[in-house]
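Chemist: Dropping the sequence and predicted coords here.
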Amino acid sequence: MRLSELLSYDSIVVQCHDNPDADALASGYGVYTYLKEQGKDVRFVYGGRYQIQKSNLVLMVSELQIPVEHVDALAAPELLVTVDCQYGEGNVTRFEAGTVAVIDHHQVSGTLPPLNEVRSNLGACATVVRELLKLEGVDINDNKGLATALYYGLLTDTNNFTEISHPLDKDLRDDAAFDRSLIVHFRNANLSLRELEIAGAALMNYRYHEEYRYAVAMAEPCDPNILGMISDLMLEVDTVDTCLVYSVLPFGVKISVRSCVKEVKASELAEFITDGIGSGGGHLEKAGGFIQTELLEKEANRLGKEIGGGVEDFLLWRMDSYFDNIQIIHAKDYSVDISGMAVYKKKKIPLGFVEAEQVFPIGTRVCIRTLEGDLDVQINKDLYIMIGIQGEVYPNDRAKFERSYNRIDAPYVFTGEYAPVVKDVLEGKNVSLIPYAKTCVPSGEVQIYAAQLDHCVKVFTAWDEEKYMLGKVGDYLAVRTDDLHDIYIIENSIFHKTYEKM
């Protein structure tokens, strides 16, 4: 998507997530500035129960004269552009609009509208906006306030640049002609004295689980960004791998979740904690969520004997449940017990396949988004990308493909709802696989062992040892009969449509 594509609309609202941070404010300001300079009737807003309170953000808005408004209601504009968030997520108030566009850098959490630019490989949405402005011939350094905002957004969202890896993030860091004195001022206005007291009290009264290496702490009601700061600091403790910091508010419980180990995705843990009682999500390492009071009370009453009814007891119970019920499998080193697994073969249903080197240069790293998680793989001459009946995608090896499938000399006709894409990790661009896809049919000569899961399993496949596939209760753990280290997850709704018992 290009920003110029938004110019066909006259009434436009730019919206960032509730409880905006510096990156959200900077990114929204960048989009707002472009549209305003193109003569559009545009507003910059955020929703939620709280107005901006954090000292550095109040200062940022004031000093850079960012025209952001806190709103409870909004007359439906022709176009709503959500920035640093995705429409429909739990951390962004849902406003009606004629058309919705999304500009973001988080992992895709649902269905995106046709107008979208999501670069989840970048460290900050500020970088996404800077690149979109460059495409329109806009140099951010012509507006020192904007350059300062985007630089500060990147700085805060990448932990003072310590989490930067992408060249485009580095370009923004190095190229921005920012106001140095303002940045120093912002960086030294992170906390009020009251917030310092809140953070100190939370860090002194934590609960720690030695076996699972997690910590939980309660903070008094405060700006949600303070919860994130407390959890960031807690995660720096050498014996803490994951942590949760929460605050009890009149209308619910706000949580901040962090993880520094690949075995736990912070976004997934936040979703687990809030499942059925609120909403949660975020990054691999940083996430948050909100629990609704009335739903929490119902669940706490239902499980009162186990959790005692208190908020902290409930959160500790859910944390324990997460770690108690998850098995971790590293496929390359795992010895599968196949004694309780049945043998299945694939039904002879037409599937799609793509010879990866025809789409990407050899050596390119790509992210393949499966229903069970994202896999990062490197393109080589023997990599095939398979396309299933529901648009699910997964990697395959040329030799295994030749043993398992018969080619059909015809393009693959995709009939699913969402056409699969693969993301170029370096460029951050989604590439549709359908134009490159050919048709194949399972030969039935290669089978799998499979068993339905009665507990959660995380599989680090032979393809990707850094990201796992998550198998939930009811999904299937599968392993090829000709390679007992080729272990993966098959989602429940797909398994019986594509496999039959031998």
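Modeler: Yep, that arrived.
Chemist: Report the contact partners of L6.
Modeler: In this structure, L6 makes contact with I12, L35, L79, V81, A101, L115, judged by C-beta atoms under 8 Å, 6 or more residues apart in numbering. C-beta here means a position set from N, CA and C on the backbone, and glycine is covered the same way.
Chemist: So which elements touch the helix or strand harbouring L182?
Modeler: Here L182 sits within helix 180-187, counting by DSSP states H and E. Using 3 or more C-beta pairs under 8 Å, 6 or more residues apart in numbering; DSSP states H and E as the contact test, the elements touching helix 180-187 are helix 55-63, helix 144-157.
Chemist: now the shortest one against helix 180-187, angle please.
Modeler: On the basis of axes from the mean of the first three to the mean of the last three C-alpha atoms, to 10 degrees, helix 55-63 is oriented at 140 degrees to helix 180-187.
Chemist: returning to that earlier point: could you dump the helices and strands packed on helix 180-187 to a markdown table with mean pLDDT and mean neighbour count?
Modeler: Below are the helices and strands packed on helix 180-187 laid out as a markdown table (pLDDT from 0 to 100; neighbours: other C-beta atoms under 10 Å):
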| stretch | mean pLDDT | mean neighbour count |
| --- | --- | --- |
| helix 55-63 | 94 | 18 |
| helix 144-157 | 95 | 25 |
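Chemist: Adding distance to G228, write those out as TSV.
Modeler: Putting those into TSV (distance: least, C-beta to C-beta, whole Å) gives the following:
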stretch	distance to G228
helix 55-63	12
helix 144-157	10
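Chemist: Between those, which one is closest to R43.
Modeler: helix 55-63 (14.7 Å; C-beta to C-beta).
Chemist: Give me the sheet partners of whichever helix or strand comes after that closest one and which way each runs.
Modeler: Counting by DSSP H and E, the element after helix 55-63 in chain order, helix or strand, is strand 68-70. In the sheet containing strand 68-70, the strands it pairs with under DSSP bridges are strand 41-46 (parallel).
Chemist: Tell me the helix or strand right after the helix holding L182.
Modeler: Next along the chain after helix 180-187, taking DSSP H and E as the criterion, comes helix 193-204.
Chemist: neighbouring contacts of that next one?
Modeler: 54-55, 191, 217-220, 222-223, 226, 229-230, 233-234, 245.
Chemist: that older thread, so which of the contacts of L6 belong to strands?
Modeler: Among the contacts of L6, the members falling in strands are I12, L79, V81, A101, L115 (criterion: DSSP state E).
Chemist: how about these in TSV, adding pLDDT and neighbour count?
Modeler: Converted to TSV, the ones in strands among the contacts of L6 look like this (pLDDT from 0 to 100; neighbours: other C-beta under 10 Å):
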residue	pLDDT	neighbour count
I12	97	25
L79	97	22
V81	98	27
A101	97	25
L115	96	17
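Chemist: Could you single out the nearest of those to D157?
Modeler: For these, the closest approach to D157 (C-beta to C-beta) belongs to V81, at 18.9 Å.
Chemist: you'd agree that closest one is up against C16?
Modeler: No - contact criterion C-beta atoms under 8 Å: V81 and C16 do not qualify, at 9.7 Å.
Chemist: circling back: could you tell me the angle between the helix holding L182 and helix 144-157?
Modeler: In terms of direction (the same axes, to 10 degrees), helix 180-187 departs from helix 144-157 by 40 degrees.
Chemist: buried set for helix 180-187?
Modeler: L182, I183, F186 (16 or more other C-beta atoms under 10 Å).
Chemist: Just to check, the last one is in contact with Y152?
Modeler: Yes - taking contact to mean C-beta under 8 Å, the distance of 5.8 Å between F186 and Y152 places them in contact.
Chemist: ok, back up a step: which among the helices and strands packed on helix 180-187 is found nearest to R403?
Modeler: Comparing these by C-beta to C-beta, helix 144-157 comes nearest, at 46.0 Å.
Chemist: going on from the closest one, what's the next piece of helix or strand?
Modeler: If you walk from helix 144-157 toward the C-terminus, the next helix or strand you reach (DSSP H and E) is helix 167-175.
Chemist: which other helices and strands contact that following helix?
Modeler: Where contact means 3+ C-beta pairs under 8 Å, 6+ apart, helix 167-175 is packed against helix 125-135, helix 144-157.
Chemist: and of the ones you listed, who's closest to P442?
Modeler: In this view, these are compared for proximity to P442 by C-beta to C-beta, and helix 125-135 is the closest at 40.3 Å.
Chemist: which of the residues in the closest one are buried?
Modeler: With burial defined by 16+ other C-beta under 10 Å, the residues of helix 125-135 counted as buried are C125, A126, T127, V128, V129, R130, E131, L132, L133.
Chemist: pLDDT (mean, whole number) over that helix?
Modeler: The predicted model gives helix 125-135 an average pLDDT of 96.
Chemist: how distant is it from the center of its chain?
Modeler: Mean-position distance between helix 125-135 and its chain equals 19 Å (C-alpha atoms, centre = their mean, to the nearest Å).
Chemist: Now do the SS call for I328.
Modeler: Assigned by DSSP: H, G, I helix; E, B strand; the rest coil, the conformation of I328 is strand.
Chemist: can you pull the contacts of it?
Modeler: The contact partners of I328, taken as C-beta under 8 Å, 6+ apart, are E263, V457, K458, F460, Y468.
Chemist: Give me the buried subset of those residues.
Modeler: A residue is treated as buried here by neighbour count (16+ other C-beta under 10 Å); on that basis the buried members of the contacts of I328 are V457, K458, F460, Y468.
Chemist: So among the residues you listed, where is pLDDT lowest?
Modeler: For the buried ones among the contacts of I328, the weakest pLDDT value sits at Y468, with 88.
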